[in-house]
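Q: The following block contains a protein sequence and its predicted model.
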Amino acid sequence: MAADKAQTNKNGQSSQMAAMRQVLRYIRRYWLMVGFSLALAAVTVVLTLYVPILTGDAVDLLLGEGMVAFPAVFSIMKKIGIAVAVAALSQWVMNTCNNHITYHVVKDIREDAFEKLEKLPLKYLDAHAYGDIVSRVVADVDTFADGLLMGFTQLFTGALTIIGTLIFMMVTNVPIALVVVCITPVSFLVARFIATRTYSMFKLQSEIRGEQTSLIEETIGNQKIVKTFSREEAVKSQFGEINDRLQGCSLQAIFFSSITNPATRFVNSLVYAGVGIFGAFVAIRGGISVGRLSCFLSYANQYTKPFNEISGVVTELQNALACAARIFELIGEEPQVPDAEDAKALTDARGNVALENVYFSYVPERKLIENFNLTVKPGQRVAIVGPTGCGKTTVINLLMRFYDVDSGQIKVDGTDIRDITRGSLRTSYGMVLQETWLRSGTIRDNIRMGKPEATEEEVVQAAKAAHAHSFIKRLPKGYDTVITEDGGSLSQGQKQLLCIARVMLCLPPMLILDEATSSIDTRTEMRIQNAFARMMEGRTSFIVAHRLSTIQEADIILVMKDGNIIEQGSHQALLEQKGFYSTLYHSQFEG
Amino acid sequence: MNKLMKYLSDYKKESVLAPLFKLLEAFFELLVPLVMASIIDRGINAGGAGGADTAHIWRMGLCLLALAVVGLVSSITAQFFAAKAAVGFSAKLRQALFDHIQGLDFTNIDKAGTSTMITRMTSDVNQIQSGVNLVLRLFLRSPIIVFGAMIMAFTIDVKSALVFVVAIPLLAIVVFGIMIWTMPLYKKVQANLDKVLGITRENLTGVRVIRAFHQEEVEEGRFRGFTKALADSQIFVGKISAVMNPVTYVIVNGAIIFLIYIGAVQVNVGNLTQGEVVAIINYMSQILVELVKLANLIITVTKALACADRVAGVFEIRNQERTAATGISEGMGGAKAPDSAGRAQGAGAASLDVGGTPFLHFDHVSLTYAGAGAETLHDIDFTVNRGETIGVIGGTGSGKSSLVNLIPGFYPVTGGHLRLEGRDIAQIPEDELRGMVGMVPQKAVLFKGTIRSNLQWGKPDATEEEMWQAIDTAQAREVVEGKRGKLDAEIAQNGKNLSGGQRQRLTIARALVRSPRILILDDSASALDYATDAKLRTAIRGLEGGTTTFIVSQRASSIRHADKIVVLDDGEMAGIGTHDELLENCEVYREIYFSQYPEERLKAAGAGNGTSGNRSDREKGGQSHGSR
């Protein structure tokens, strides 16, 4: 049990260190500004330390009734005024610098995380809850920003103040300074002790928060279904359960970390008392003036506070680092195998596609595609049919290189697709999926997605070809209508029409249509089919469809079942085989 | 913020005790300079010439230590109560927020964006929690110290204390001025954060399309734009907040300069001792220390207040009252029974014509969505008998889904009446109504858990047997049996580990498990192949207990065997009848049908003459809606 604890502590600490190193790498980019900020911090600290000395000197001049030297007092007052003004100014500039550094570092980290997101293999993304990833990029980075800013504004000045104070104290009176030196480190030890204890608590809190975000994402995102089944109470209690756990662990984390402040303040009080008592005895023997003692006390009171602050910052940083560790975990995730250095860009593909001895499975223990061979000549139409869930989309995943084959190879125009840049391979295909996705933005931007330089005329042309023009025209702002998240008010079918228009605009040399018209009514579909037919003319195309009428005209039909290709051939040939395909074909005319 | 205060009410004790102990701590802290002054004046300077009182120094020293210990104890106590209240508060708030969102009706769900809801529930609530925690710990402590220091100064010397009287309001103006100035700016920061969240989510859900169009770099550019806007707004507000510390520093030290001057005069006159001047200056610098803390706190509190506004905004989204002409209202959450008048009336209406009441009656129903300019459904009028199968067919955007969404009361009927067994559905309690309906939505969504837990959505206490029965009817047996663990097989978030067709079949099973009186399949077989679709329909028809089924589909084959087919065209009924009737007299239906079965058109054309003559007769008789 105890050993376990030690272990987790150690793990916590090492991942914390790793996170710290990463953070420093990001900060390094702003070293010039960091240097400037440090210089300003030094100015601020020196001046703020100098002011109590001046004050002390002034107090020493107030010896008693009729013994005050006013001109000297006035000159000291002037000095204080100047020092304070300069200190205030440099403090403001320093704070501004720190803000700048912090928010830029945070921006950099977010951008790197997002960049990684764009490069992560689908294997990773398909296997992770979106809510959790989102919470890392947004909430965790935010918490980290808070911690970092606090760290910046207080850690610098804090450390410098401590050093400065020590020097001033040593110069003024060594014995009293020694009292301070001996007692203050205790507050550091206390803070450190608490920080290491609470790190794992904060990490746990982060994890439970992630879990909760996932649930929120899932239920709020599908609120209508929750309501349809009157499951509000059930999800509420599910939420409540996580919420209770979060409450428990947050309370622990927050309470234990908040002990730091009182504890260090207590140490400060000890220092103050120590200086008070010891200083008084030194003063009796004439070793220090009352003014200097008051200055000492003011140090003890005000400027051992940095210890306080630093330890406060340390807990905040713990929390921040725990969050940073989660985001760095994402950034450090293995990206997809990058394009080979000598990878070709596929331009004007002719559309020769060959699959040779392809083996693939999502999980090793469940075999899926085995020894799959297929040769498609330019302009041929390949239809993939099969019962629901037979793995039709898997083939698309492989063709588009969303997933890599386990063994064997896929070639386009005679080149292994792993030797072609992903971008050029994918843009050579025009893809329309069953699950429509539109980006938030205007309708025009969505249609232009694959070809940003398209003219207005081309956009309208594509929309007309996809039979989307008429409904777009009827929208309040036509092509400038802004589509909100997830397509918002558009119907499933309208969204699909836009997805088709998107592809119609690019006209890539090869096509993948995965249930591309599943949400469109058949009358419109008929017309779109004509447009598709024109588009497919001379283009290699892969079509996943249920409607056998669309399939009949294909040059090659792949019949899939349970992830395997069980039949392959033309419509006529397959019907004559009287196999699975012919049963499937005839079933559509039954009731 | 005020509106959210009620979630703190369960922690009244803690919220009072935390500042109380803080007050205690502050009080002890305020005594320290007095003790020190006493050490200087009565210890060091006692009796003037070298006559120091060492015993007094020791006594006072011990006193300092005692104050430190008492301070520590009360401060830790305060921290505990503050943490407990803050964490408890945010837990309650989060739950209330979640509950509130669960209670929103469909119209509001359409309006509320998912990602902003998520930020509000997570990041915003966390900020509020830190805010509450800090307020309890420090917000009261600071004024206590500030005013306490002033009072202490008064006890020492009134003239010097007047400096406090001037300095403190100045400080208050600076602190609160900056707070008021920055608050709206923090709101803007939070709105920018929303955008960052939105694009992150969007890129996860649309990853395939983005990669297919090779848009990774474009998206990165967009993301950069959003993070830049965020950073800019953060830096701007940061610049203003950064003013606070330097300005308060200047004010406090200015005050100290005055204190030195006044002290010099007073000491010279003999009104004050050196130790007393030290004490007064000490009090002033204590104020500064407090203000530095307060400034850091202000940022957190301002942020928290901005976040609280956003959260309160969610609570302000209220459902329209669910009413019919009689004005029966359903409160928030809608799970309450209607008042007795409504029930009596509903029951009365039913008892009036028990014999001839159709099971479901669309009585000239129209629907206009909130905020929409035009009607989505116009004058829909037909009746349904118990146990019938109704097919609904029509083009994209013709209003098919809207039509069936009216049945479980997802959207309020805005014209005409929709009656279930004679009762206007606006007057049937939401729970009762939804309990009767088994809905299979267009989008096949499953939830994280197991197959079993997903089926339990349909019926929480479903037996194993009922589940398998539903699975069989939904043609999902092979899906379930193909998974390791069968009913207990894991389902990932959104059912991502299943294919579209598998998900669809399980969503059908989910609706069937409750043996609904009305089953609605809203285009929910689109991912099924024809064979499975056909088997599914046969199985549903074979269900016992007279389930009334609505099948919405694009496919003629899915609905051709329905007892009645409703043909919709642009929100209006273009025809109703059986397949054969419609084929004869409904142009829209004919077009749909022949587009899917081109060979049938040839046959029809071959046998054509008689049919078309027949049709024109009917059209003359005004029977058909399908002439266009």
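A: Noted; the coordinates are in hand.

Q: Could you tell me which residues of the stretch 501-628 of chain B lie near chain A?
A: With C-beta under 8 Å from any C-beta of the partner chain as the criterion, the stretch 501-628 of chain B comes near chain A at residues B:501-502, B:504-505, B:510, B:523, B:526-532, B:534, B:537-538, B:554-557, B:561, B:591-592, B:595-596, B:598. Any C-beta I mention is one placed from the backbone N, CA and C, and that applies to glycine too.

Q: need the contact list for B:Arg94.
A: A:Asn243, B:Met121, B:Val125 (C-beta atoms under 8 Å, 6 or more residues apart in numbering or on different chains).

Q: now do A:Val503
A: Under the criterion of C-beta under 8 Å, 6+ apart, the neighbours of A:Val503 are A:Gly430, A:Met431, A:Val432, A:Gly450, A:Leu511.

Q: Would you agree A:Arg209 is in contact with A:Ala139?
A: Yes: with contact taken as C-beta atoms under 8 Å, A:Arg209 and A:Ala139 are classed as touching, separated by 7.0 Å.

Q: Which stretches in the stretch 1-150 of chain A count as helices?
A: For the stretch 1-150 of chain A, helices defined by DSSP state H, counting those that start in this stretch occupy the ranges A:2-28, A:31-61, A:70-119, A:122-127, A:130-135, A:141-150.

Q: got a list of contacts for the fourth one?
A: Think helix A:122-127. Helix A:122-127 is touched from outside by A:117, A:133, A:333-334, A:362, A:397, A:402-403, B:204, B:207-208, B:211, B:492, B:496, with contacts defined as C-beta under 8 Å, 6+ apart.

Q: Mark which of these are part of helices, please.
A: With DSSP state H as the criterion, helices contain A:Leu117, A:Ile133, A:Asn397, B:Leu204, B:Val207, B:Arg208, B:Arg211 from among those.

Q: ok, those vs A:Met504, which is closest?
A: Here the nearest of the ones in helices among the contacts of helix A:122-127 to A:Met504, counting by C-beta to C-beta, is B:Arg208; it sits at 18.7 Å.

Q: quick one: that closest one from A:Leu438, how far?
A: Using C-beta to C-beta, to the nearest Å, one gets 13 Å for the distance from B:Arg208 to A:Leu438.

Q: what domains does the record give for chain A?
A: Taking automatic domain parsing as the criterion, chain A consists of the domains A:12-331, A:339-428+A:539-591.

Q: Return the most buried member of these.
A: Neighbour counts (mean count of other C-beta atoms under 10 Å in any protein chain shown) averaged over each of the domains of chain A peak at domain A:12-331, with a mean of 20.

Q: before we move on, the earlier item: dump the contacts of helix A:122-127 into CSV; add distance to B:Ala149 as well.
A: What follows is the contacts of helix A:122-127, written out as CSV (distance: C-beta to C-beta, whole Å):
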residue, distance to B:Ala149
A:Leu117, 53
A:Ile133, 50
A:Glu333, 54
A:Glu334, 59
A:Tyr362, 69
A:Asn397, 70
A:Phe402, 67
A:Tyr403, 69
B:Leu204, 54
B:Val207, 59
B:Arg208, 64
B:Arg211, 63
B:Ala492, 60
B:Lys496, 61
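
Q: In TSV: those residues, plus pLDDT and distance to A:Leu575.
A: Conversion of the contacts of helix A:122-127 to TSV gives the following (pLDDT from 0 to 100; distance: C-beta to C-beta, whole Å):
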residue	pLDDT	distance to A:Leu575
A:Leu117	83	47
A:Ile133	84	47
A:Glu333	81	48
A:Glu334	81	47
A:Tyr362	81	32
A:Asn397	85	29
A:Phe402	85	33
A:Tyr403	86	33
B:Leu204	82	43
B:Val207	80	39
B:Arg208	80	34
B:Arg211	81	37
B:Ala492	79	39
B:Lys496	74	36
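
Q: And the residues you listed, which is closest to A:Arg265?
A: Distances from A:Arg265 to those, taken by C-beta to C-beta, are shortest for A:Ile133, at 40.2 Å.

Q: Nearest residue to the closest one in space, please, no chain neighbours.
A: When the adjacent residues along the chain are set aside, A:Ile133 lies closest to B:Leu204, with 6.2 Å between them (C-beta to C-beta, 6 or more residues apart in numbering or on different chains).

Q: For that neighbour, grab the count of nearby residues.
A: 20 (other C-beta atoms under 10 Å in any protein chain shown).

Q: Just list the residues touching it, thanks.
A: Residues counted as contacts of B:Leu204 (C-beta under 8 Å, 6+ apart) are A:Leu117, A:Leu125, A:Tyr130, A:Ile133, A:Val134.

Q: pretty sure A:Gly158 contacts A:Val314?
A: No: between A:Gly158 and A:Val314 there is no contact, the gap being 10.1 Å when judged by C-beta under 8 Å.

Q: Got the confidence number for the residue located most distally from the centre of chain A?
A: Going by C-alpha atoms, centre = their mean, the residue of chain A most distant from its centre is A:Gly66, 69.6 Å out. Per-residue confidence for A:Gly66 comes out at a pLDDT of 75.

Q: That one contacts B:Asn271, doesn't it?
A: No: contact criterion C-beta under 8 Å: A:Gly66 and B:Asn271 do not qualify, at 12.0 Å.

Q: ok, back up a step: more neighbours, B:Arg208 and A:Leu438?
A: Using other C-beta under 10 Å as the criterion, B:Arg208 and A:Leu438 rank with A:Leu438 on top: 25 against 22.

Q: now that one, what's its secondary structure?
A: On the three-state scheme (DSSP: H, G, I helix; E, B strand; the rest coil), A:Leu438 is labelled coil.

Q: Would you quantify the distance from it to chain B?
A: Distance from A:Leu438 to chain B, counting by C-beta to the nearest C-beta, to the nearest Å: 8 Å.

Q: and what of A:Ala145?
A: From A:Ala145 to chain B the distance is 8 Å (C-beta to the nearest C-beta).

Q: and that residue, what does it touch?
A: By C-beta under 8 Å, 6+ apart, the residues touching A:Ala145 are A:Thr102, A:Tyr103, A:Val106, B:Gln234.

Q: Spatially nearest residue to the first one (excluding sequence neighbours)?
A: Meaning A:Thr102. Computed as C-beta to C-beta, 6+ apart, the closest residue to A:Thr102 that is not its neighbour in sequence is A:Leu149, at 4.4 Å.

Q: give me the residue from chain B nearest chain A.
A: Ranked by C-beta to the nearest C-beta, the top residue of chain B for proximity to chain A is B:Gly501, at 2.6 Å.

Q: My read is that that residue contacts B:Asp533, right?
A: No: using C-beta under 8 Å, B:Gly501 is not in contact with B:Asp533; the gap is 10.2 Å.

Q: neighbour count winner among those two?
A: Neighbour totals were compared for B:Gly501 and B:Asp533, and B:Gly501 leads with 27 against 22 (other C-beta under 10 Å).

Q: Pop out the phi and psi values for B:Leu259.
A: Main-chain torsions, B:Leu259, degrees, to the nearest 10: phi -60, psi -40.

Q: Could you report the neighbour count for it?
A: Counted by other C-beta under 10 Å, the residues lying close to B:Leu259 total 26.
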